[in-house]
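> Need coordinates for the following:
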Amino acid sequence: MSFLQDPSFFTMGMWSIGMGALGAAAVALFLANTDIFLSKTQKATLEYLEDIDLKTLEKEPRTFKAKELWEKNGAVIMAVRRPGCFLCREEAADLSSLKPKLDELGVPLYAVVKEQVRTEVKDFQPYFKGEIFLDEKKKFYGPQRRKMMFMGFVRLGVWYNFFRARNGGFSGNLEGEGFILGGVFVVGSGKQGILLEHREKEFGDKVNPVSVLEAAKKIKPQTVAPQEK
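Take a look at the predicted model:
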């Protein structure tokens, strides 16, 4: 038992424990930056989206089925994770930059939010150049809702997105629910279907505007048959 009296024994033991902890932390950091623990995505169907109830944000709100948004001319729809988030505001500004070209195509731009918190939607409007609706049941964030919790803050991609948005001059706040991930849809007119479905996989994982525009160009507006006299 004389080795217990040897100071080098304890030093080596503490060093081994420290290296083990460091190794475990490195493995955890590596795994957190892979897609292994990310929420799995379930693709939405057109029928699922069509049946979603939305509300206007007027003083006397009107409830309607989401299919009204794209029935005639298709639509580009952003499911906003959190209006006060500076990353969401950055993506909203990117989509809004497409508005002139979308107008030429006759394709409207919309957004849905999952809650109304104080003036958050109003404060979001300068970044988003389309009409905004309320999705109280959070259906646009499904069919299988995906969340990113505090693991997001150890992902290198998230930190890259943080710096990109900050350098772009975007700022925000911490108001509202921000863990349920959002996305962007391009839906064709009538029964044409979902032409693009982008699901945010981590905070700030924004859609490629070029892909949105390419999908929007595939939309075929519904033609109304002339009435017989």
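> Distance check, the residue positioned nearest the centre of the chain against residue 78.
Central residue check for the chain by C-alpha atoms, centre = their mean: the C-alpha nearest the mean position is that of residue 182, 2.6 Å away. The span separating residue 182 from residue 78 equals 7 Å under the rule C-beta to C-beta, to the nearest Å. The way it works is simple: take the backbone N, C-alpha and C, and place the C-beta from them, glycine included.
> before we move on, what about residue 214?
Relative to residue 78, residue 214 is positioned 17 Å away (C-beta to C-beta).
> These two: which is more packed in?
Comparing residue 214 with residue 78 by neighbour count (other C-beta atoms under 10 Å), the higher total belongs to residue 78, at 28 against 13.
> Partner strands of the helix or strand harbouring the more buried one, with direction?
With the criterion set as DSSP states H and E, the secondary-structure element containing residue 78 is strand 75-79. When pairing is defined by DSSP bridges, strand 75-79 lines up against strand 109-113 (parallel), strand 183-187 (antiparallel).
> Kindly indicate whether the nearest residue to the residue nearest to the centre of the chain once chain neighbours are set aside is helix, strand or coil.
The spatial neighbour of residue 182 that comes closest, neighbours along the chain excluded (C-beta to C-beta, 6 or more residues apart in numbering), is residue 81 at 3.8 Å. Secondary structure assignment for residue 81 (DSSP: H, G, I helix; E, B strand; the rest coil): coil.
> quick one, strands of the protein?
53-55, 63-65, 75-79, 109-113, 131-134, 183-187, 194-199 (DSSP state E).
> can you redo those as a markdown table with distance to residue 142?
Formatted as a markdown table, the entries for the strands of the chain read as follows, by distance: least, C-beta to C-beta, whole Å:
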| stretch | distance to residue 142 |
| --- | --- |
| strand 53-55 | 13 |
| strand 63-65 | 16 |
| strand 75-79 | 10 |
| strand 109-113 | 12 |
| strand 131-134 | 16 |
| strand 183-187 | 10 |
| strand 194-199 | 11 |
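> got those as TSV, with distance to residue 155 and mean pLDDT columns?
Output for those, formatted as TSV (distance: least, C-beta to C-beta, whole Å; pLDDT from 0 to 100):
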stretch	distance to residue 155	mean pLDDT
strand 53-55	32	98
strand 63-65	36	98
strand 75-79	21	98
strand 109-113	24	98
strand 131-134	28	98
strand 183-187	18	98
strand 194-199	16	97
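> Which one, of those, ends up nearest to residue 221?
Proximity to residue 221, assessed across the strands of the chain by C-beta to C-beta, is greatest for strand 75-79 (11.4 Å).
> CA atoms only for the closest one, dumped as PDB, please.
These are the backbone C-alpha positions of strand 75-79, laid out as PDB (Å, rounded to 0.1, in the frame of the first residue of the first chain):
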ATOM      1  CA  ALA A  75     -47.800  30.900 -52.700                       C
ATOM      2  CA  VAL A  76     -44.500  31.200 -50.900                       C
ATOM      3  CA  ILE A  77     -45.100  30.700 -47.100                       C
ATOM      4  CA  MET A  78     -42.700  31.200 -44.300                       C
ATOM      5  CA  ALA A  79     -43.400  29.400 -41.000                       C
END
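> which residues are in contact with that strand?
For strand 75-79, the external contacting residues (C-beta atoms under 8 Å, 6 or more residues apart in numbering) are 69-70, 91-92, 95, 98, 102, 107-112, 128, 130, 135, 140-141, 182-187, 212, 216.
> ok, 7 Å please
69, 92, 95, 102, 107-112, 140-141, 182-187, 212, 216 (C-beta atoms under 7 Å, 6 or more residues apart in numbering).
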